[in-house]
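Colleague: quick one: sequence plus predicted model below, questions after.
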Amino acid sequence: MVQFSFKEIVSVSLILFAIIDILGSIPIIIDLRRREGIIQSEKATLVAGVLMIVFLFLGDGILRLFGIDFASFALAGAIIIFLMGMEMVLGIHLFHSNPAVKTGSIVPLAFPLIVGAGTMTTLLSLRAAYALPNVLVGILLNLVFVYIVLKSSNWLERKLGQNGTEVLRKVFGVILLAIAIKLFKTHVSI
C-alpha cells in the first residue's frame with residue numbers, strides 16, 4: 001500500500017528545491033540560451049528527471065560498479081561547477097559547443113546544474129529517510145518548477161534587462177565558485 005504523506009512531500013520538495021536552486025541558476029540559463037540560441041526546456045527537464053530517478057534507485061550501485069567513491073564523483077562535479085563560475089565571472093568561454101549540435105540543454109544544464117553531485121547525494125539521503133512515493137512526488141514537483149523557469153528564461157531576461165542580467169551573472173558566478181570550493185573542501189581529505 002502506497003503511503004503518501006503531505007508533510008513528507010513538503011519536506012522532500014523543499015530540500016530538493018534548495019539543493020537544485022533553479023532560481024539561482026537563472027543567469028547561467030540565460031547565458032546558455034544566448035550561446036546555444038535556444039534552451040530545450042522539455043529535453044532538459046526530462047533528462048534531469050530521468051537522471052534523478054535512475055540515481056534514486058541505482059546511484060550507490062552505479063558508483064560501485066565503476067569503482068568510484070562518492071567523494072571522487074562530487075569532486076568531478078565541483079570542477080565543472082568551478083569552470084562554469086569562472087566563465088560567468090571572467091566573461092570567457094571554456095565550454096565550446098559545436099553550433100550544429102545543441103547539447104547545452106543536457107550538459108551543463110540538466111547535468112550538473114540541475115542534477116549535480118549535491119542533488120544526487122541528497123536523493124540517496126532522502127531515499128533513506130522518507131517513503132519512496134513521497135520522494136518521487138517531491139522530485140516531480142521540483143521538475144515542474146524547473147520546467148517553468150526554463151520555459152520563461154526569455155521573459156526573465158527581458159524583465160532583468162542587459163545590465164540586470166550581467167550583474168546577476170557575475171554575482172552568481174562568484175556563488176558558483178564558492179559552491180565548487182565548498183564541495184572540493186568537503187570531499188578532499190588532506
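Modeller: Sure, I can see it.
Colleague: for the rest of this, base every contact and every neighbour count on C-alpha atoms.
Modeller: OK.
Colleague: buried residues, the helix or strand containing Ala74. List them.
Modeller: Applying DSSP states H and E as the criterion places Ala74 in helix 70-90. By 16 or more other CA atoms under 10 Å, the buried positions in helix 70-90 come out as 70-71, 74-89.
Colleague: and what of stretch 27-34?
Modeller: Neighbour-count burial for stretch 27-34, counted by 16+ other CA under 10 Å, picks out 27-33.
Colleague: quick one: mean pLDDT for that stretch?
Modeller: Averaged across stretch 27-34, pLDDT comes to 85.
Colleague: likewise stretch 171-178?
Modeller: Stretch 171-178 comes out at a mean pLDDT of 81.
Colleague: any residues touching it, and which ones?
Modeller: 24-25, 27, 81-89 (CA atoms under 8 Å, 6 or more residues apart in numbering).
Colleague: repeat the analysis, applying 7 Å as the threshold.
Modeller: 24, 81-82, 85-86, 88-89 (CA atoms under 7 Å, 6 or more residues apart in numbering).
Colleague: can you put these in JSON lines and add pLDDT?
Modeller: Below are those laid out as JSON lines (pLDDT from 0 to 100):
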{"residue": "Gly24", "pLDDT": "77"}
{"residue": "Ile81", "pLDDT": "74"}
{"residue": "Phe82", "pLDDT": "84"}
{"residue": "Gly85", "pLDDT": "79"}
{"residue": "Met86", "pLDDT": "86"}
{"residue": "Met88", "pLDDT": "79"}
{"residue": "Val89", "pLDDT": "85"}
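Colleague: tell me who's in contact with Thr119.
Modeller: 16, 19-20.
Colleague: again, only this time at 10 Å
Modeller: Shown in contact with Thr119 (CA atoms under 10 Å, 6 or more residues apart in numbering): 15-21, 52, 55-56, 112-113, 125.
Colleague: sitting in helices, which of those do you find?
Modeller: If you go by DSSP state H, the contacts of Thr119 have 15-20, 52, 55-56, 125 in helices.
Colleague: biggest separation within these, which pair?
Modeller: Ala18 and Phe55 (18.4 Å; CA to CA).
Colleague: give me the pLDDT value at Ala78.
Modeller: 76.
Colleague: quick one: it and Val188 touch, right?
Modeller: No: look at Ala78 against Val188 with CA atoms under 10 Å: they stay out of range, at 11.1 Å.
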